[in-house]
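Asker: Here you go, sequence then predicted model.
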Amino acid sequence: MPRSDALSDHAGCTEEHDIHGMRHARASHAIFRRVQEVTPARIAAPRFPLALPLLRDDVHVVQFPLDSYGDMADLAPMVDDEERHRMARLVRESHRRRFMVAHALTRLVLGRCLQVSPASLRFGIGPHGKPRLTGARLDLRFNLSHAGERALLAVAIGRELGVDIEKERRVDVLGIARRYFSPSEYLALASLPEDHRVGAFCRCWTRKESFLKARGEGLAFPLSGFEVSLAETAPQLLVACARAPTELDRWTMVSVAVDPGYAGAITAEGQGWRLTCWDSPVHGQ
Ligand SMILES: CC(C)(COP(=O)(O)OP(=O)(O)OC[C@H]1O[C@@H](n2cnc3c(N)ncnc32)[C@H](O)[C@@H]1OP(=O)(O)O)[C@@H](O)C(=O)NCCC(=O)NCCS
């Protein structure tokens, strides 16, 4: 069954018309359902609810399909002028649409977390460009990633985090890994049967990227300075950090279950947090 069909008949999908989130805001425990605790599994996630009890030990990840919105009229008013300018600079129409959907849905989710309208949210950036909320009543942190037709948004209270999604593509995985991965990551990849390498390569890439994004410095932290496991899953995928050994205790890195053909990972501060995966709060017509 196509993914959108599988998800559209999930209980709790009655919020379709409440795109601005505030009119019917109430905690719906029927749809606040924990579907995943650290280990990834292919389970159709429930839609992100109208209101969410934000607990300190919770990390939430929301996956957005980016190409299913025919009419953008509901989404466009949510973004601000800066986002509109960034969008206008994108050459391809399909990329402009994806940018709009990713940013509008990010605002919709953050707005629901804070119980404010999406358009009222204000953002600043860290020294290396990591976006963050400003002026919010809660210390809500977030990170966004997009690849192909999907975006992944992570949110948590008082906990820094980084998320990454990549689309699996047939590229020269060993050539790229030799250049960017650590020697042990490269050897782990090279030891796999050829038909397992693309998946493992994407797992490794998203994990490394999620760590860089959690720290917020991008490539200022060297890719060779830390190592991740290429295993399908484990409670802690960050396995070494020679460059800054204390980082190993600071972060937990796990896989995120995303659609087939994609890989996802999240790195968040601390240990023992619970990961909950959600589907997009709204779908296109
Ligand atoms: C910032 C960086 C991490 C973005 O990564 P990306 O894969 O190009 O893009 P993603 O879609 O995952 O993330 C982009 C989003 O991250 C957020 N972001 C921007 N700067 C960020 C930073 N310094 N830290 C964390 N998040 C950042 C933004 O929300 C951005 O979305 P937007 O452009 O729509 O506003 C990238 O510039 C970088 O330094 N990447 C490292 C590249 C690399 O060699 N990785 C190899 C892994 S083996």
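Answerer: Looks like it arrived, so ask away.
Asker: going forward, measure contacts and count neighbours with C-alpha atoms only.
Answerer: Noted.
Asker: How about the secondary structure of the most centrally placed residue in the chain?
Answerer: Nearest residue to the geometric centre of the chain (C-alpha atoms, centre = their mean): residue 152, 2.9 Å. Under the three-state scheme (DSSP: H, G, I helix; E, B strand; the rest coil), residue 152 adopts strand.
Asker: What residues does it make contact with?
Answerer: 61-64, 144-146, 163-165 (C-alpha atoms under 8 Å, 6 or more residues apart in numbering).
Asker: So which of those are in strands?
Answerer: Counting by DSSP state E, the contacts of residue 152 place 61-64, 144-146, 163-165 in strands.
Asker: Against residue 175, how distant is residue 118?
Answerer: Distance of residue 118 to residue 175, computed by C-alpha to C-alpha, to the nearest Å: 43 Å.
Asker: Looking at the two, which has the bigger crowd around it?
Answerer: residue 118 (26 against 10; other C-alpha atoms under 10 Å).
Asker: before we move on, back to that, out of the contacts of residue 152, give me the one that has the most neighbours.
Answerer: Sorting the contacts of residue 152 by how many neighbours each has (other C-alpha under 10 Å) puts residue 163 first, at 33 neighbours.
Asker: So which bits of the stretch 101-250 of the chain are right by the ligand?
Answerer: By C-alpha under 6 Å from any ligand atom, the residues of the stretch 101-250 of the chain that approach the ligand are 128-131, 143-146, 164, 180-181, 205, 208-209, 213-214, 216-219.
Asker: May I have the beta-bridge partners of residue 64?
Answerer: For residue 64, the beta-bridge partners are residue 151 (DSSP bridges).
Asker: Distance check, it against residue 284.
Answerer: In terms of C-alpha to C-alpha, residue 64 sits 11 Å off from residue 284.
Asker: all strands for this protein, in order.
Answerer: For the chain, the strands defined by DSSP E occupy 58-65, 122-125, 131-134, 140-147, 150-157, 161-167, 227-228, 238-240, 251-256, 262-269, 274-279.
Asker: residues in contact with the closest residue to residue 218 other than its chain neighbours?
Answerer: Spatially, and ignoring its direct neighbours in sequence, residue 218 is nearest to residue 212 (5.2 Å; C-alpha to C-alpha, 6 or more residues apart in numbering). Contacts of residue 212 were listed using C-alpha under 8 Å, 6+ apart, and they are 162, 218-219, 221.
Asker: and what of residue 123?
Answerer: Residue 123 touches 131-134, counting by C-alpha under 8 Å, 6+ apart.
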